[in-house]
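>>> my questions concern the predicted model and sequence given below.
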Amino acid sequence: MELEEHYSQLLGITSPWEIYRVELKLEAQRVEIWIEYTDDEGRCPECGSACSKYDTRKERTWRHLDTMQFATYLHCEVPRVHCDKHGVKSLSVPWAGKNSRFTLLFEAFAIQVLKAARSVEEARKLLRLNWHQVDAIKARAVERGLARRQETNIDYLGIDEKQFRSGHDYVSNLYDLTGGRVLDVIEGRTENACKRLIEQALTPEQKRQVTAVALDMWQAYANAVSETLPQADIVHDRFHISQHLNDAVDSVRRAENKALGKLGDNRLKGSRYYWLTNEENLDKERAEQFAMLKKSDLKVARAWAIKEMFRDFWDYRYAGWAERHFGRWYAWAIRSRLEPIKKKARMIKSHLPNILTYFKHRISNAVAEGLNSKIQTIKANARGYRSFEGFRNSILFYCGGLDMAP
Ligand SMILES: [Zn+2]
């Protein structure tokens, strides 16, 4: 009985559960362990009251942590009890959660491996699990984590969109900017989707506590925030605004490069990177090349200078000063005769009140951008999520800051 005792201690199996057989299958590299329930009574899994044994179900199997390199499985014919209140119910087993095909220790270990591995594929191979099993473990972990989440005050939220699958499907993410975590994810980027996202992630009390929300200049989100969090300021995200100006510079460059090319002038060929990166990032040789370009009378040089001037906007201490700076900048941008720049300038101007709120709260989705690159890795890792649920579970698993241990 030595092996049985050894495994009883290892698994923490105590009376009335008893290990009665252990088989080492050397060929198959497996350890099989059989457990039985030795009492005539048991506790109802719903209410905990003592009930008499009714019958036993057919044998179930759970994967446990490997013993050395041997895959280890538990088997048990779990009895059912008859409760006066709840009818006939299977006993809960102490080594596994409800409906799980893995023991608690295995799930705890699998969660650690999934979090530490470079990719899901790597973790999956180490754990010798299939994709379906990995998804099920993640889904249960996230469910536990969400159920355990404490209702804390969240001052600053961020909302942004993320492409899901190839095509034109989007999801919306809700971030706790201070806590650096994803609160929840929802399908779509409409006003309604965003409202549901806020409603499902926050309690009424938490909603009242929100001070400000960082988001792109996307009307659907702004509407949803005004409606669900009327007291919160909207802060249009500075990185999205920079992105808009970069896009404008790039379309000026593309058009000009094409026009110059027709005249046999290739000065702008391969210059895209120069105009879009921060000048500080260029090495010496490139910096010299770029110095020539930006001093030229090219349209893209003018567009670039306008974009650069806008960067100073964020450095002001007070909204009033930033607003005056914006006035000067806008006057220049609108006289620039560069349509893409003028278009973005008008866009920024129409959102200015909710951009100047930056100087009160100084929040941006930069935290979210960090999480976003993590989400990007999740996407790349999981060879395309077929279901939104699987995608949401993975984001919350890796970025939700959840306590998921079984
Ligand atoms: Zn009961």
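That came through fine. Numbers count the residues shown, from 1 in each chain.
>>> hey, where'd the strands end up in this structure?
17-25, 30-37, 41-43, 50-56, 60-67, 70-76, 79-83, 87-90, 156-164, 169-176, 181-187, 212-215, 233-236 (DSSP state E).
>>> of all those strands, which lies closest to the ion?
Closest of these to the ion is strand 79-83, at 3.3 Å (criterion: Cβ to the ion). For the C-beta atoms, the positions are set from N, CA and C on the backbone; glycine is no exception.
>>> the closest one versus strand 50-56: what angle between them?
130 degrees (axes from the mean of the first three to the mean of the last three Cα atoms, to 10 degrees).
>>> among the strands of the chain, which comes closest to Asp312?
In terms of Cβ to Cβ, the element of the strands of the chain nearest to Asp312 is strand 233-236, at 17.4 Å.
>>> just the CA coordinates of that closest one, formatted as PDB?
Coordinates of each C-alpha in strand 233-236 appear next as PDB, following Å, rounded to 0.1, in the frame of the first residue of the first chain:
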ATOM      1  CA  ASP A 233     -14.300  64.800 -18.300                       C
ATOM      2  CA  ILE A 234     -13.400  63.400 -21.700                       C
ATOM      3  CA  VAL A 235      -9.700  63.700 -22.600                       C
ATOM      4  CA  HIS A 236      -8.900  63.000 -26.200                       C
END
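>>> what about it, average pLDDT?
Here strand 233-236 scores 98 as its mean pLDDT.
>>> tell me the contacts of the closest residue to Arg57 other than its chain neighbours?
Spatially, and ignoring its direct neighbours in sequence, Arg57 is nearest to Val78 (5.2 Å; Cβ to Cβ, 6 or more residues apart in numbering). Contacts for Val78 (Cβ atoms under 8 Å, 6 or more residues apart in numbering) come out as Tyr37, Thr56, Arg57, Arg60, Ser90, Leu91, Val93.
>>> hmm, back to that, need the strands of the chain in JSON lines with distance to the ion and mean neighbour count, can you?
Compiled in JSON lines, the strands of the chain are given as follows (distance: least, Cβ to the ion, whole Å; neighbours: other Cβ atoms under 10 Å):
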{"stretch": "strand 17-25", "distance to the ion": "20", "mean neighbour count": "15"}
{"stretch": "strand 30-37", "distance to the ion": "17", "mean neighbour count": "19"}
{"stretch": "strand 41-43", "distance to the ion": "8", "mean neighbour count": "16"}
{"stretch": "strand 50-56", "distance to the ion": "7", "mean neighbour count": "14"}
{"stretch": "strand 60-67", "distance to the ion": "21", "mean neighbour count": "17"}
{"stretch": "strand 70-76", "distance to the ion": "21", "mean neighbour count": "19"}
{"stretch": "strand 79-83", "distance to the ion": "3", "mean neighbour count": "19"}
{"stretch": "strand 87-90", "distance to the ion": "7", "mean neighbour count": "15"}
{"stretch": "strand 156-164", "distance to the ion": "42", "mean neighbour count": "22"}
{"stretch": "strand 169-176", "distance to the ion": "38", "mean neighbour count": "22"}
{"stretch": "strand 181-187", "distance to the ion": "34", "mean neighbour count": "22"}
{"stretch": "strand 212-215", "distance to the ion": "46", "mean neighbour count": "26"}
{"stretch": "strand 233-236", "distance to the ion": "51", "mean neighbour count": "23"}
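>>> can you put those strands in a markdown table and add distance to Lys258?
Output for those, formatted as a markdown table (distance: least, Cβ to Cβ, whole Å):
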| stretch | distance to Lys258 |
| --- | --- |
| strand 17-25 | 70 |
| strand 30-37 | 66 |
| strand 41-43 | 77 |
| strand 50-56 | 78 |
| strand 60-67 | 61 |
| strand 70-76 | 62 |
| strand 79-83 | 76 |
| strand 87-90 | 71 |
| strand 156-164 | 28 |
| strand 169-176 | 31 |
| strand 181-187 | 39 |
| strand 212-215 | 34 |
| strand 233-236 | 32 |
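>>> indicate which one of these is closest to Gly261.
Nearest of these (Cβ to Cβ): strand 156-164, 31.8 Å.
>>> hang on, the earlier thing: how close does the residue nearest to Arg57 sit to Ser15?
With distances taken as Cβ to Cβ, to the nearest Å, Val78 is found 16 Å from Ser15.
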